[in-house]
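J.: return atomic coordinates for the entry below.
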Amino acid sequence: MKTPSKLLIAALCLTTVTFCWLWQAERRDRSDLILLAQANAATCAGGFEDYLKTGDDAMYWSAVADFRAFEQAYLVLSDGTAGNYIFCNEVYARLVFYPEVSKRHVEEVAAAMRMLAADVRDPAGFVEMAALRHDIQD
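T.: Take a look at the predicted model:
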């Protein structure tokens, strides 16, 4: 083989390896999902805080919808693994099916969501979620 052919093959191999590395790095970049989850958590916290100020049921249900949006963004961010999502899903179910009981715990839900709005991977926020699933009983 001629030397230019060897150089061409080496260049193609290097290009292929670089492309694969960049592709994998892009797949691992979760910054948009992190921002989405944190934004939904912040909106949810704000919605529950507005509910506390006004007592308006529409604010409560809007905040519950924002909670669901956070929950779904977090599920995608965590690649569909159950873990902390289960705590969130149980709290969400209680918010939807037992609103009268849940409304007494809105301040605690807002506090947990504020933690997650600051850092969606903060274990303390999910510890709060785990506690909330037991606190909000039917």
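J.: C-alpha only now, for contacts and for neighbours.
T.: Noted.
J.: and the gap between Y74 and V91?
T.: 14 Å (CA to CA, to the nearest Å).
J.: same question, E100
T.: Distance of E100 to V91, given as CA to CA: 14 Å.
J.: among these two, which residue is more densely surrounded?
T.: When E100 and V91 are compared for neighbours, V91 comes out ahead with 23 against 13, by other CA atoms under 10 Å.
J.: so who does the more buried one touch?
T.: By CA atoms under 8 Å, 6 or more residues apart in numbering, V91 lies in contact with 129, 132-133, 136.
J.: repeat the analysis, applying 7 Å as the threshold.
T.: Residues in contact with V91 (CA atoms under 7 Å, 6 or more residues apart in numbering) are 132-133.
J.: measure it to T43 for me?
T.: Separation of V91 from T43 (CA to CA): 17 Å.
J.: F87 now?
T.: F87 sits at a distance of 19 Å from T43 (criterion: CA to CA).
J.: please identify which of these two sits among more neighbours.
T.: For F87 versus T43, neighbours defined as other CA under 10 Å are more numerous around T43 (23 against 20).
J.: give the contact list for the residue nearest the centre of the chain.
T.: Within the chain, one residue has its C-alpha closest to the average C-alpha position: by CA atoms, centre = their mean, that is Y74, at 2.5 Å. By CA under 7 Å, 6+ apart, the residues touching Y74 are A37.
J.: secondary structure element holding it?
T.: Per DSSP states H and E, Y74 falls inside helix 57-77.
J.: would you mark the buried spots in that helix?
T.: By neighbour count, with 16 or more other CA atoms under 10 Å as the criterion, the buried positions of helix 57-77 are 59-75, 77.
J.: so how far is that helix off the chain centroid?
T.: On the basis of CA atoms, centre = their mean, to the nearest Å, helix 57-77 is displaced by 10 Å from the centre of the chain it belongs to.
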